[in-house]
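Engineer: Got a predicted structure plus its sequence, pasted below:
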Amino acid sequence: METRAEKREQWKKKREYILAAAGNVVGLGNLWRFPYLCYKNGGGVFLLPYFFFAALCGVPLFLLETVIGQYTQEGAVTCWTKLCPLAQEFFLMLTLWIKKGTGFSLIMIQLYSRTYSIILAWALFYLIYCFQDPLPWATCNNPWNSDRCVDLISANWTAAHSSNMTVNRTSGNLTKSSVSEFWERGVLSMSGGIEEVGTVKWELLLCLLACWVACYFCIWKGVRSTGKVVYFTAVFPYVMLAVLLVRGLTLPGAWQGVVYYLYPDPSRLADLQVWMEACAQVLFSYGVASGTLITLGSYNKVKNSCYRDSLWLCVLNSGTSFVAGFAVFSALGFMAHKQGIPINMVVESGPGLAFIAFPQAVAMMPLPQLWAACFFIMLILLGLDTLFAGLETITSSLIDIFPRRMRRPWRREIFLVFFCSVCFMLQIPLTAQGGVYLFQLIDYYGANGACILFVSVVQCVAVGWAFGAERMRDAVEAMTGQRPWVLFKLCWRYFTPLICTVCFICSFLDYQPLTSSRGYVYPDWAYHLGWAMALSSVVGLPIWAIGKICLIKGTLRQRLLVLWYPASDPGGSTTNKRNLLSETEMKPMSAPSPDML
């Protein structure tokens, strides 16, 4: 009879894995978050804490998760039975909401992260309007514009700039740029706050539906379909980025933007917030602690050179972030030059950069429709890669837990239809007039860095101490013929969990309540909801693990021994937990060997 691992799908070609992994880790954060953080936190000096955390946290965790998937040939839940059974109880809660009514943390992180599909809907909405002449956000002659609107052709940029509302010096009236009004009134139809849900914007709803349909067909056949889709979704964004980079650097004022992007300010290194933001950016952009790297790696052949692949993918991720900054800030420098205003008036992060500042910049270029279309196509494909990688993580985890049922014909497709439909319906409120406030709340609390830091610590403890860091190095050498540097052993056991623990604690000490860029303050119930979302991804883990310890027979030491060490070895021998328990009841417990610790 075939084993579960033998029945499991595998990438037909190695480049399919490379493209899928690259598409997963190179996402929206590389484009709209890293350049802004670099400018905000000391320019070129920010690269120091960034590469510090990349070397001691990002790369070790990236390699660790990829190796776990390839070594065990299992998804993000069942892989832990072969490494550390107690960690499996952690990660079962992380990934699926199914066993005994629990299943909490990773599924919660993944579900919260799925709300980023609304960003794809916004980008698709913009893309549809890119083919109008003139671009609708460049003028004030649209139904959504108010009498305070100032279009991009106007020379009165002392009155209105970027997304900010200012007072016209001649008339004393409040004015706002046309690009801001298109975003707030044309796309979002923003209400006054999260308590004012308002009506659903049907155009956004259709765009959201289209994104979920596209995502479904990207992964509905597993790696057979994903492996083909990534040839386009992972490669084409780089083509678009190269085009925008060349075009941006040839614009007037481009180098002014580049200087603002990288101008060093060494004094910023003394600010704890700079280091916290660098750590968060590394973990988010490397895609760790979400299960996707384990899932993608589990479809590799056992003898694949995952060690070398992981190192190159990490270099690609950080390099893309750095290069994207030149493309973004050269365009923003051009916009500041064109308007005759300081560049700090046009620099924003997050949705403000993607949907206000950059669209405004491309609207001022020759052939604006072309450059706008290139930008939003790139944005959609970057987000789509990350979205369907997360869905594949959830789907493969469920299949690995119920292989006999879920690997039957059409079971996967039926589950995906159900799951995507539920996600779509749950995200309908995001398309309402108050949806952007709800999105910001989920983004700030639900998929926050504290949850990722906590999961990272759990992974390092499970592998570095329970399974054994030296044993994991042996596994890598057996699979690839290359032995990882001793630095990775030290990171898995000491450096990475220590750094993540410190950052986890500091994230609470440095907590700041969420506020909108418009100055809107959320009501108290919204903050309570936010904290409930944040805790839902963390609290369940220790509760479920303690419960499992209580349910197993024997002394506390015997229970921990059964749950701490792997019940089976992917490389060969299998040990029955019941036999192990009976043996420990018959004779004194022996100390684990040094290699196991």
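Structural biologist: Cool, the structure landed. Predicted model, so just to flag it, every value in this text is computed and none were measured.

Engineer: Tell me where this structure has strands.
Structural biologist: 149-150, 166-167, 174-177 (DSSP state E).

Engineer: what's Trp144 in contact with, if anything?
Structural biologist: Contact analysis of Trp144 by C-beta atoms under 8 Å, 6 or more residues apart in numbering lists 181-182, 185-186, 189. Using the backbone N, CA and C atoms, a C-beta is placed for each residue, glycine as well.

Engineer: Also Val25?
Structural biologist: The contact partners of Val25, taken as C-beta under 8 Å, 6+ apart, are 62, 285-287, 313, 316-317.

Engineer: do Trp255 as well
Structural biologist: Contacts of Trp255 by C-beta under 8 Å, 6+ apart are 249, 330, 333.

Engineer: Sitting in helices, which of the residues you listed do you find?
Structural biologist: Residues of the contacts of Trp255 located in helices (DSSP state H): 249, 330, 333.

Engineer: Near the second one, how many other residues are there?
Structural biologist: Right, Ser330. 26 (other C-beta atoms under 10 Å).

Engineer: Is it in contact with Val259, as I believe?
Structural biologist: No: assessed by C-beta atoms under 8 Å, Ser330 is found out of contact with Val259, at 10.5 Å.

Engineer: Could you chop the chain up by domain?
Structural biologist: 4-129+191-548, 554-596 (automatic domain parsing).

Engineer: Return the most buried member of the ones you listed.
Structural biologist: Stretch with highest mean neighbour count among these: domain 4-129+191-548 (a mean of 20; mean count of other C-beta atoms under 10 Å).

Engineer: what's the spacing between that one and its chain's center?
Structural biologist: 1 Å (C-alpha atoms, centre = their mean, to the nearest Å).

Engineer: mean pLDDT for the strands of the chain: which is lowest?
Structural biologist: Across these, the stretch with the lowest average pLDDT is strand 166-167; it has a mean of 43.

Engineer: what does stretch 303-318 contact?
Structural biologist: Residues contacting stretch 303-318 (C-beta under 8 Å, 6+ apart): 14, 17-18, 21-22, 25-26, 30, 50-51, 54, 58-59, 62-63, 66-67, 70, 285-286, 297, 300, 476, 479-482, 484.

Engineer: quick one: contacts for Leu204?
Structural biologist: By C-beta under 8 Å, 6+ apart, the neighbours of Leu204 are 118, 121-122, 125, 187-188, 431, 435.

Engineer: mind running it again at 10 Å?
Structural biologist: By C-beta atoms under 10 Å, 6 or more residues apart in numbering, Leu204 lies in contact with 118, 121-122, 124-125, 187-189, 428, 430-432, 435.

Engineer: Over to Gln281?
Structural biologist: 29-30, 33-34, 37-38, 41, 46, 49-50, 53-54, 58, 321, 449.

Engineer: switch the cut-off to 8 Å
Structural biologist: 29, 33-34, 37, 50.

Engineer: what's the spacing between it and Trp220?
Structural biologist: To Trp220, Gln281 is 33 Å away according to C-beta to C-beta, to the nearest Å.

Engineer: next one: Gly27
Structural biologist: Separation of Gly27 from Trp220 (C-beta to C-beta) stands at 22 Å.

Engineer: What's the end-to-end length of stretch 453-471?
Structural biologist: Separation of the first and last residues of stretch 453-471 by C-alpha to C-alpha, to the nearest Å is 24 Å.

Engineer: Can you report how many residues lie near Glu181?
Structural biologist: 23.

Engineer: I'd like the ones in helices among the contacts of Trp255 written out as TSV, with distance to Lys82 and pLDDT added.
Structural biologist: Listed next are these as TSV, based on distance: C-beta to C-beta, whole Å; pLDDT from 0 to 100:
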residue	distance to Lys82	pLDDT
Leu249	50	93
Ser330	49	91
Gly333	52	90
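
Engineer: what's the closest of those residues to Asp147?
Structural biologist: Here the nearest of the ones in helices among the contacts of Trp255 to Asp147, counting by C-beta to C-beta, is Gly333; it sits at 31.6 Å.

Engineer: Surely that closest one and Tyr260 touch.
Structural biologist: Yes: the pair Gly333 and Tyr260 passes the contact test of C-beta under 8 Å, sitting 6.9 Å apart.

Engineer: okay, and the common contacts of those two?
Structural biologist: Ile343.

Engineer: which regions of the stretch 351-500 of the chain sit below the pLDDT cut-off?
Structural biologist: Applying pLDDT under 70 to the stretch 351-500 of the chain picks out residues 447.

Engineer: ok, which stretches of the stretch 451-597 of the chain are helices?
Structural biologist: 469-480, 486-490, 496-509, 524-536, 540-551, 556-564, 577-586 (DSSP state H, counting those that start in this stretch).

Engineer: packing partners for the fourth one?
Structural biologist: If I follow you right, that is helix 524-536. If you count contacts as 3 or more C-beta pairs under 8 Å, 6 or more residues apart in numbering; DSSP states H and E, helix 524-536 packs onto helix 105-113, helix 435-441.

Engineer: so that helix versus helix 496-509, what angle?
Structural biologist: 170 degrees (axes from the mean of the first three to the mean of the last three C-alpha atoms, to 10 degrees).

Engineer: contact partners of helix 524-536?
Structural biologist: Residues contacting helix 524-536 (C-beta under 8 Å, 6+ apart): 104-105, 108, 112, 194, 437, 441-442, 444-446, 448, 450-451, 513-514, 522.

Engineer: Assess the claim that Leu245 and Gly325 are in contact.
Structural biologist: No: in terms of C-beta under 8 Å, Leu245 does not count as a neighbour of Gly325; the distance is 10.0 Å.

Engineer: Let me know the distance separating Gly69 from Ser298.
Structural biologist: In terms of C-beta to C-beta, Gly69 sits 4 Å off from Ser298.

Engineer: got any residues that touch both of the two?
Structural biologist: 75, 79.

Engineer: what about this structure, any weak spots by pLDDT?
Structural biologist: For the chain (pLDDT under 70), the answer is 1-7, 84-111, 152-174, 447, 517-518, 537, 539-549, 551-552, 556-597.

Engineer: before we move on, the earlier item: between the contacts of Trp144, which has the most around it?
Structural biologist: Phe182 (27 neighbours).

Engineer: so that residue sits right up against Cys140, yeah?
Structural biologist: No: with contact defined as C-beta under 8 Å, Phe182 does not count as touching Cys140 (9.7 Å).

Engineer: Contact partners for the spatially closest residue to Asp385 that is not a sequence neighbour?
Structural biologist: With sequence-adjacent residues excluded and distances taken as C-beta to C-beta, 6 or more residues apart in numbering, Asp385 is closest to Gly23, at 3.1 Å. By C-beta under 8 Å, 6+ apart, the contact set of Gly23 is 230, 233-234, 382, 385-386, 389.

Engineer: measure Gly23 to Gln70 for me?
Structural biologist: 18 Å.

Engineer: Check Pro429 too.
Structural biologist: Taken as C-beta to C-beta, the span from Pro429 to Gln70 is 39 Å.
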